[in-house]
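Asker: can you look at this prediction? I've put the sequence above it.
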Amino acid sequence: MKYSTLVILGLLLALVFVGEAKSKSKKQKNKQKLAAQKEAILPRAEPCKASNCKLPDCRCSDAVLPRSKFQGKESEIPQFVTITFDDAVNAVNYAQYELLFDGLINPDGCEAAGTFFLSHEYTDYVRVNALYRAGHEIALHSVTHGDGTDYWRSADVATIEREFGAQLKMLQTFAKVDPKTVHGMRLPFLQISGNNTFEAARRLGLSYDSSWPTQQFKDPAMWPYTLDYASKQDCQIGPCPEASIPGLWVNPMVTWTDTEGYSCSMIDACVYPPEDDVDELFDWMMENFNRHYLGSRAPFGMYLHAAWFSRGRSHFGAFKKFINHLNTYPDVYFTGISRMLEYVRQPVLGAPFKDCPILPEVECRAVQCHVQKMSTGEERYMNVCDKCPAVYPWLDNPLGQQL
């Protein structure tokens, strides 16, 4: 009897200790949760005063010239043209990119470049490496691309960090892109999630986001700015940021105007484009360009998906004719967004840079891989540099390791 009583007492004491341990563990988790929530609370941005926000690290959100002394000398401000493409790079669109940029040399003798916002699925990482070595800017567009705008609208900081951080690891591993050269991101569907988008970009070590269209500030056009202070930019696809996130740049997507006067954030989003005719399309592109070139010389963005070239027989030809024409101008520069931001930080009249960018020298031994996508069981082929992953890389296994 005594023995059984001792056993029962021992069990009761064990239950008490386990309960206390669970209670402590729960309290600890709640403390960690509260700490994380506290960390996520960002200071509300105050109105911007130019006297408190000065280049090279801070700029108010507005359409004013980079420096007040440039007033009356707008024709001496270099006109930047930033061509960007979203989504996967594959054999078809890579050939188009090669043709578009072939022979384009900026007035300073440096090769023209664009920005490629890459999503993971169906991307050919060998061709990404080729774009990288050619001097183009490689930027982030997420791993999964999400399954619609709701996913991104409600995304918290951790979700965005996972999506874009994993894509950064994939670019480094499979395309041999130095992560230190990756500076920017664009949200799929241009669907930002308020402060979360920009705080995630900051935590990832990025310097800019280019997901936010503006209709209000297109004539004169808005210049890039930082989120140190409250943004004046119109919120077309909310929620938009309200916090102060010092040093993070916004490259506003200044909208184009279609033939019926409607605004479009990307060329392929224009509801009423011109007829499928090279000259009609060329004239329309010139109208949108001249709003910048004959105005404040704010950077002119040409944002699109390569699929637009397949929508009309004249689309590619018109695009090529247009950029070739601009390439005859003595003050028009085709650069990636991050290169353009270098100028915005330290603006000058005339030639914007003293030297050309140093092209990366990195070898890539092309390997074709046949792997399985574990979440769906699908068989996938992918081209990578040097070594195949064990399984198809995905969000929580960006290196494609056998877990």
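Answerer: Perfect, I can see it now. Quick caveat: nothing in here was measured; it's all calculated off a predicted structure.

Asker: for stretch 145-164, buried residues please.
Answerer: 145-146, 151-153, 155, 157, 159-164 (16 or more other C-beta atoms under 10 Å). Where you see a C-beta, it was placed from the backbone N, CA and C, and this is true even at glycine.

Asker: in helices only, show me those residues.
Answerer: 151-153, 157, 159-164 (DSSP state H).

Asker: how about these in TSV, adding pLDDT?
Answerer: Supplementary listing: these in TSV, determined by pLDDT from 0 to 100:
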residue	pLDDT
151	97
152	98
153	97
157	97
159	97
160	98
161	98
162	98
163	98
164	98
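
Asker: can you tell me which of the residues you listed is closest to residue 256?
Answerer: Nearest to residue 256 among those, counting by C-beta to C-beta, is residue 152 at 22.9 Å.

Asker: spatially nearest residue to that closest one, not counting backbone neighbours?
Answerer: residue 191 (3.9 Å; C-beta to C-beta, 6 or more residues apart in numbering).

Asker: next, count neighbours for that neighbour.
Answerer: The tally of other residues near residue 191 (other C-beta atoms under 10 Å) stands at 20.

Asker: how near is it to residue 146?
Answerer: 8 Å (C-beta to C-beta, to the nearest Å).

Asker: need the overlap of contacts for the two.
Answerer: The contact sets of residue 191 and residue 146 overlap at residue 152 (C-beta atoms under 8 Å, 6 or more residues apart in numbering).

Asker: out of the ones in helices among the buried residues of stretch 145-164, who's nearest residue 55?
Answerer: After measuring these against residue 55 - C-beta to C-beta - the closest member comes out as residue 164, at 26.9 Å.

Asker: just checking, the closest one touches residue 202?
Answerer: No. Residue 164 lies out of contact with residue 202 (C-beta atoms under 8 Å); the separation is 11.7 Å.

Asker: which ones are touching residue 171?
Answerer: By C-beta under 8 Å, 6+ apart, the contact list for residue 171 reads 118, 125, 128, 138, 140, 177, 179, 182.

Asker: is it true that it lies in a strand?
Answerer: No. Using DSSP: H, G, I helix; E, B strand; the rest coil, the secondary structure at residue 171 is helix, not a strand.

Asker: what is the end-to-end distance of stretch 395-403?
Answerer: Stretch 395-403 has its terminal residues 14 Å apart, counting by C-alpha to C-alpha, to the nearest Å.

Asker: next: stretch 67-85.
Answerer: Taking C-alpha to C-alpha, stretch 67-85 runs 30 Å from one end to the other.

Asker: chain center to that stretch: distance?
Answerer: In terms of C-alpha atoms, centre = their mean, to the nearest Å, the centre of stretch 67-85 is set 22 Å apart from its chain centre.
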